[in-house]
Structure formats: structure tokens, C-alpha cells
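Peer 1: okay, structure incoming, though there's no sequence with it:
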């Protein structure tokens, strides 16, 4: 961020006020890493009682650390990988995604007269996982992870990549089994994932994912099921448009990357 946070923002950050949204917390933490003046202002934002509590906690921790045995020097690469790229609460959402895709493939194979459900829900497949990839209410260790240098956007991108690494093979397998075009299965999936991250710079990734899911369901899925017709933008000739859309959204998201660090009133 190019400007310093205000005293009011630092006060809310110091007291853990819930009104301070996640992008604002990330922005302040990134700024504090390089700004000694703001770190000094933050220290002055705490009350005397708060400083006394911090000092007592520090003393107690120092005594416990001194009395504890030396930690095991062995590294646990899988543990580090799991916290950076995965989170336990993603498992139910990924399992639900696979179950929904399996049901869609089964219904498509029954030739019930409905349009391809796999094609209709493919753009939404990764969004539930992306919505909970980096969210304080979905990650039990959010406070611990948020205190690390790899927190915020880096963790979000890593966990989004982990979601895609799980969802894309499942989509490819289901699409191949139902005869759906691979391009029209995967390209909308990628476009919606990038769109979620891009909108996340404005309203937060959690809200962006929910908004895109609801919009697609009511604007595309429901009318398609009612008319038993696939819309034009999911026809085979639209694959090039989806590819171009994905590229444009990706480039735009790269230029908007600082939106995750800029102070915002959105959650």
C-alpha cells in the first residue's frame, strides 16, 4: 500500500475490532513489515492494560520455553505443505463437488431429456472450495496462518491451485465419460475461478464465489433446465470465447493484485 493507515485503522487493528475486514488486515500487516513509524504508532495504540497483559504473557512464555525440552530438530515437510496448500475444512467441500459431478454424470447418462448437467455446473465446480480456501471462519488455524509471511494472497493462491488440482481431473474424467467437450468443461471452470479472485479484490473472495454461484444458477442453470436447451455460450463454437475470457480475466487479476492489500471497507 502506498499510504499509511490512519490512527483509527491502527486502533481497530490493535484491538481486533471485527469491523476491520480481511483485506484491511492484510494491507496493514504488509505495510507494518516495512514501516517502522507505523509500528511505533501501533505500539502507542495499545492501552496500558493491554501492554501489561502482553508483558505478563511474554514473561510466562519465556519461563515455559526455558523449562521445556529442546524441540525436535527434524522437519515435517508434509505438515508444512498441508498448512500452506491445504486446509482440513476443504475436504467436505471437495467431497461434495465430486458427489455433485457424479450425480450430474449419472443423470446425463440416463438420457432424461435434460441438457447436460455436467456442462451446466462445470463453471461452478471449483468455487465452493475457493470460497473457503482462505477465510477466517473456515480455517481453524486462521490466526496462526495469518501471522506468517505467507499469509493472505499467497495462501489464497496456493489453496486455489490445490482446489483446481483436485477439481480439474474430476471434471475431465466426468466430461470424458459423458461425451462433453473437454474445452467447454475446463475453460469455463478456469474463467470462473479467475473471476472469483478478481471480484475478491473488491468484495472478498467468499462473497464473490457465492455471488457468482447464485448468478449462474438463476441466470443460466434454471432457465436451461426449464427450456431443456443449452445456451449459446456453452455451445462448441464458444470455446474460443471462453479461452479469450480466461486470458483477459487473468491479466486483469494480475494488475489488480494489490487490491488484496489495499484498505477497503468490503469483507
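Peer 2: On my side now, so go ahead. Please read all numbers here as calculations on a predicted model, not as lab measurements. Numbers count the residues shown, from 1 in each chain.

Peer 1: rest of the way, CA atoms for contacts and neighbours
Peer 2: Noted.

Peer 1: ok, residue 129 - how many residues close by?
Peer 2: If you count neighbours by other CA atoms under 10 Å, residue 129 ends up with 28.

Peer 1: check the offset of the helix or strand where it lies from the chain's centre.
Peer 2: For residue 129, the host element (DSSP states H and E) is helix 127-131. Using CA atoms, centre = their mean, to the nearest Å, the mean C-alpha position of helix 127-131 is found 6 Å from that of the whole chain.

Peer 1: so for that helix, mean pLDDT?
Peer 2: Helix 127-131 shows a mean pLDDT of 87.

Peer 1: tell me which helix or strand in this protein has the weakest average pLDDT.
Peer 2: helix 77-85 (a mean of 54; mean pLDDT, DSSP states H and E).

Peer 1: pull out the buried residues from the helix or strand that that one is followed by.
Peer 2: Downstream of helix 77-85, the next assigned helix or strand under DSSP H and E is helix 90-109. For helix 90-109, a neighbour-count test (16 or more other CA atoms under 10 Å) marks 90, 93-94, 97-98, 100-102, 104-108 as buried.

Peer 1: any low-confidence regions in the protein?
Peer 2: Scanning the chain for pLDDT under 70 picks out 1-2, 44-51, 53-54, 70-89, 111-112, 134-152, 258-267.

Peer 1: so which bits of stretch 32-48 are buried?
Peer 2: Buried-residue list, stretch 32-48, by 16+ other CA under 10 Å: 32, 38, 39, 42, 45.

Peer 1: what helices or strands is the helix ranked longest in the chain leaning on?
Peer 2: Looking across the chain with DSSP state H, the single longest helix is helix 153-178. Packing partners of helix 153-178 (3 or more CA pairs under 8 Å, 6 or more residues apart in numbering; DSSP states H and E): helix 77-85, helix 90-109, helix 117-121, helix 127-131, helix 182-203.

Peer 1: would you mind giving those helices as a markdown table with distance to residue 226 added?
Peer 2: Output for the helices and strands packed on helix 153-178, formatted as a markdown table (distance: least, CA to CA, whole Å):
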| stretch | distance to residue 226 |
| --- | --- |
| helix 77-85 | 40 |
| helix 90-109 | 16 |
| helix 117-121 | 13 |
| helix 127-131 | 24 |
| helix 182-203 | 21 |
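
Peer 1: so which of the ones you listed comes closest to residue 256?
Peer 2: helix 182-203 (7.1 Å; CA to CA).

Peer 1: run the chain-centre distance for that closest one.
Peer 2: With CA atoms, centre = their mean, you get 12 Å for helix 182-203.

Peer 1: mind listing what's buried in the next helix-or-strand element following that helix?
Peer 2: The helix or strand immediately downstream of helix 182-203 is helix 205-216, counting by DSSP H and E. Buried positions in helix 205-216, judged by neighbour count with 16+ other CA under 10 Å: 205, 206, 207, 208, 209, 212, 213.
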